Structures are given as structure tokens and as C-alpha cells.
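Novice: Structure, please.
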Amino acid sequence: MAQPGRGLQQVVGKSDKARRTVLRRVLLAGAAMLGSITIVQYLARVQTPAPQLATPPLGTLITPNFGQSANDNNNHQAVALPGTVVNPVPGSMVIRLNGKLWSEVSVEGSTGDVVGQNKEAPYNLGTYFRLYPGVNGMATNDLRWGASAEIR
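Specialist: As a prediction, the model looks like this:
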């Protein structure tokens with residue numbers, strides 16, 4: 001009997017019955033593989049395609065979401081609502097990059113500004129910057145997906 005991976009090399013010196021058995025198995029395996037490939041191709045062809053909807057044009061201007069950070073009308077609840085961010089149609093995705101910059105300047109003074117021989121500065125500056133990248137999409141079978149993050 002032939003071992004897997006050795007091919008027909010093992011049956012060269014064997015009897016005709018052993019060679020026919022190996023060849024019969026190879027022929028049966030090839031026919032089974034060809035039959036399965038044919039069935040899979042037929043099943044893929046008879047599926048009805050999803051309806052093609054118009055995709056929003058590339059570079060569609062998105063208005064700001066006024067400080068809603070990573071959330072927008074596409075991802076803050078189960079159903080996408082019309083709003084400032086374009087809703088994806090089947091087979092498309094919407095990529096967005098929101099940001100927030102916050103700065104604060106304050107000036108204060110008191111008699112306690114002196115520490116030892118040194119006087120502390122009476123002004124303060126505070127700033128933070130956030131990026132909120134995200135993507136929302138819809139597969140061709142209407143499955144909604146998305147991801148968002150906050151980068152500090």
C-alpha cells in the first residue's frame with residue numbers, strides 16, 4: 001500500500017493488483033475533487049446579488065460634529081440616523097477623523113507666590129489635543145461594522 005506523499009513510486013515493483021488499487025484511489029479522489037469544485041461554483045453562481053445602491057461620491061464634505069468626540073450619527077446607537085456624517089451604503093465605508101483642541105490661559109496672583117527667595121510665575125497655560133479616528137461601513141449583506149478610537 002502506498003504511503004501519503006510517496007506517490008506511485010512505491011508500487012513500481014508491486015503486483016498489478018496493488019498498482020490498480022492505487023490508481024483506482026487516485027482516480028476516485030480526483031473525480032471527487034472535480035465534482036465538489038463544480039458544485040461549489042454552481043452554488044456561488046445561483047446566489048442572487050445584493051442590490052447595488054449609489055455610493056456617496058469620494059471626498060464628500062462632512063460637517064463638524066460639534067464636540068461629540070468619537071461618536072456620530074452612525075455609531076451611537078444600533079440604527080444609523082441621518083445626520084452630519086454620511087451613512088454608508090452596502091459595500092462601502094465612511095472614514096472620519098475628528099479632533100479637539102482645548103487651551104486655557106490663566107493669570108493669578110497672591111501674597112503666597114513667593115517660595116523662599118524665589119517668586120513663582122503668576123500665569124498658567126493648559127492645553128490638550130485629542131484625535132478621534134473612526135470608520136463605519138456596511139457589508140454587501142447589510143451587516144454594519146465600525147471602529148473608533150481616541151488618541152491622546
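Novice: isn't residue 101 right next to residue 129, touching?
Specialist: Yes. Shown here, residue 101 and residue 129 form a contact pair, counting by Cβ atoms under 8 Å, at 5.2 Å. Bear in mind the C-beta positions are built from the backbone N, C-alpha and C, glycine included.
Novice: More neighbours: these two, which one.
Specialist: Neighbour count, other Cβ atoms under 10 Å: between residue 101 and residue 129, residue 129 has more, with 11 against 8.
Novice: Distance of the residue sitting furthest away from the middle of the chain relative to residue 92?
Specialist: Distance to the chain centre peaks in the chain at residue 117, reaching 59.1 Å (criterion: Cα atoms, centre = their mean). According to Cβ to Cβ, to the nearest Å, residue 117 stands 67 Å off from residue 92.
Novice: Please apply the same query to residue 35.
Specialist: In terms of Cβ to Cβ, residue 35 sits 37 Å off from residue 92.
Novice: which one of those two has more residues nearby?
Specialist: The residue with more neighbours, out of residue 35 and residue 92 and counting by other Cβ under 10 Å, is residue 92; that gives 17 against 10.
Novice: Break this protein into its domains for me.
Specialist: Per automatic domain parsing, the structural domains of the chain span 7-45, 54-152.
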